[in-house]
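*Asks:* Fold the following for me, if possible:
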Amino acid sequence: MADAEATRVDTVDPTAVRRARTWKIVSTVVILASMLAGGLILKWTREFWNNSDAALVVDPQYLDFGDVWAQPDFEWKIQIRNTIGRDIRISEFRLSCNCTSIEPKSLTIPAGQTRDVKLRIDLMPPKSSQTGEELREFEAGVAAITDSRYVADYTWAIHGRMRTIFTNLPAEIDFGQTCIAGEVYPEKRISLEARIVLESLEATVDSAHALVTMEQVDTEGKEFTISIIPSESLPPGPFAFPIRLHAQSAAVGALPRNRFMVLGEIIGPVFAVPSAVEFGIVREGETAEQNVVLQSPLGKPIEVSEARVDDGVGQVRDGHDHVAANRLECVLQNQNESSALSCLVRFKAATPGDWSRNVMFRTRLEDGRVVDVVVPVRAIVIRRSG
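*Replies:* Numbers count the residues shown, from 1 in each chain. Below you'll find the model as predicted:
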């Protein structure tokens, strides 16, 4: 047997063995060369399209708007140039602050061409920076996000300095909860000092929002007083509106429009604390409670003649109404005449679903006026686990 095996080994063709080894070596070399060539081609392609990281270029003069007057709607144009031999699609622009908008939102820049992009920038000093400094630095980043795998995303910094017209212009005036429906609304007065002599200063506002008057205090034209009284036509609830300032100077001409915000809330002669009840997640069979206090902001005595609640029909997410045991109860804690009355709102959960109803309190003031106060109540009922 050993002689036979030896005979078979001796009969193997040495030429065939060498040919197989040679073919294996050649195949390995070809594969490695292909991989190397592919990597180089991809690298060269990327370098070609990137054009040394300058496929998209914005020249320096478009990145610095210099010294300008502070204003809420400053417009600035940047020009983006495509330096490569292929169209580049910018799918979106991203901005580093919420004080800037940009148009268009996306665009395609053909090979070797330029396209304009318009920025609208709010250069009014923020609430946290109301100081007397005349010049303030501004900078915002603009990022261009491209669709191409070969062209990188680009970011440019737009910067400049804003010159304030006034030394003490507030970002906002807040009336808080001092405006009570049916009563005379309070007046707020603010003093303004201009950095340059003004020929005129006008304050404008929507007549449905407020009554605004302007008065020049000095003879030079630098000190002014603005009076603001919210309009009786404002609906109940929070309000926010701008007052715009239009200044004219003999030295400069018409100055950019400035503005500040007026905030506050119109509250009724009776209001609820909290104004809405959010029970959140309540499991089947559980009871949730919240104390609601009815108050008179002027400290006048009130009485509750009625506290009406809905029947507690629960509306669930599957769109079906379930006449079930979800119940809302309201229990007055003190019914004597007082400027603050307490009521316990109790919710008994039975049927899963997103449930919401209102509680209406009918109150009467000492002058005979009847005031209805509505308190929304909401709960999410879920099944009891297990």
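
*Asks:* okay, CA-based contacts and neighbour counts for the rest of this
*Replies:* Fine.

*Asks:* average model confidence for the host helix or strand of D67?
*Replies:* Applying DSSP states H and E as the criterion places D67 in strand 64-69. Mean pLDDT, strand 64-69: 94.

*Asks:* now stretch 244-254
*Replies:* 93.

*Asks:* Could you do stretch 147-166 as well?
*Replies:* For stretch 147-166, mean pLDDT is 88.

*Asks:* how long is it end to end?
*Replies:* One end of stretch 147-166 to the other measures 45 Å (Cα to Cα, to the nearest Å).

*Asks:* Can you give me the buried ones in that stretch?
*Replies:* Across stretch 147-166, burial judged by 16 or more other Cα atoms under 10 Å covers 150-155, 158-166.

*Asks:* and if you look at stretch 185-198?
*Replies:* Residues 185, 191-195, 197-198 are the ones in stretch 185-198 that count as buried (16+ other Cα under 10 Å).

*Asks:* hmm, who's touching that stretch?
*Replies:* Stretch 185-198 has contacts (Cα atoms under 8 Å, 6 or more residues apart in numbering) with 164-169, 175, 178-179, 220-230, 232, 247-250.

*Asks:* V184 - that's part of a strand, no?
*Replies:* No - assessed with DSSP: H, G, I helix; E, B strand; the rest coil, V184 is coil; it does not lie in a strand.

*Asks:* what about it, distance to I228?
*Replies:* Distance, V184 to I228, by Cα to Cα: 13 Å.

*Asks:* More neighbours: the two, which one.
*Replies:* Between V184 and I228, counted using other Cα atoms under 10 Å, the more crowded position is I228 (20 against 12).

*Asks:* quick one, what contacts that one?
*Replies:* I228 sits in contact with 187-189, 210-213, where contact means Cα under 8 Å, 6+ apart.

*Asks:* where does the chain have low pLDDT?
*Replies:* Residues of the chain meeting the criterion pLDDT under 70: 1-53, 127-132, 310-325, 334-337, 386.

*Asks:* coming back round to it: out of the buried residues of stretch 147-166, who's nearest L63?
*Replies:* L63 lies nearest to I158 out of the buried residues of stretch 147-166, by Cα to Cα, at 4.7 Å.

*Asks:* returning to what we had before: give me the buried subset of the contacts of stretch 185-198.
*Replies:* 164-166, 168-169, 175, 178-179, 221-224, 226-230, 232, 247-248.

*Asks:* Would you agree P274 is in contact with Q290?
*Replies:* No - with contact defined as Cα atoms under 8 Å, P274 does not reach Q290; the gap is 9.2 Å.

*Asks:* now the helices for the stretch 1-150 of the chain?
*Replies:* Assigned by DSSP state H, counting those that start in this stretch, the stretch 1-150 of the chain shows helices spanning 2-10, 14-50.

*Asks:* now for the buried residues of stretch 185-198, which pair is the farthest apart?
*Replies:* Those two in the buried residues of stretch 185-198 that are separated most widely, counting by Cα to Cα, are Y185 and V197, at 33.5 Å.

*Asks:* Many thanks, we can stop here.
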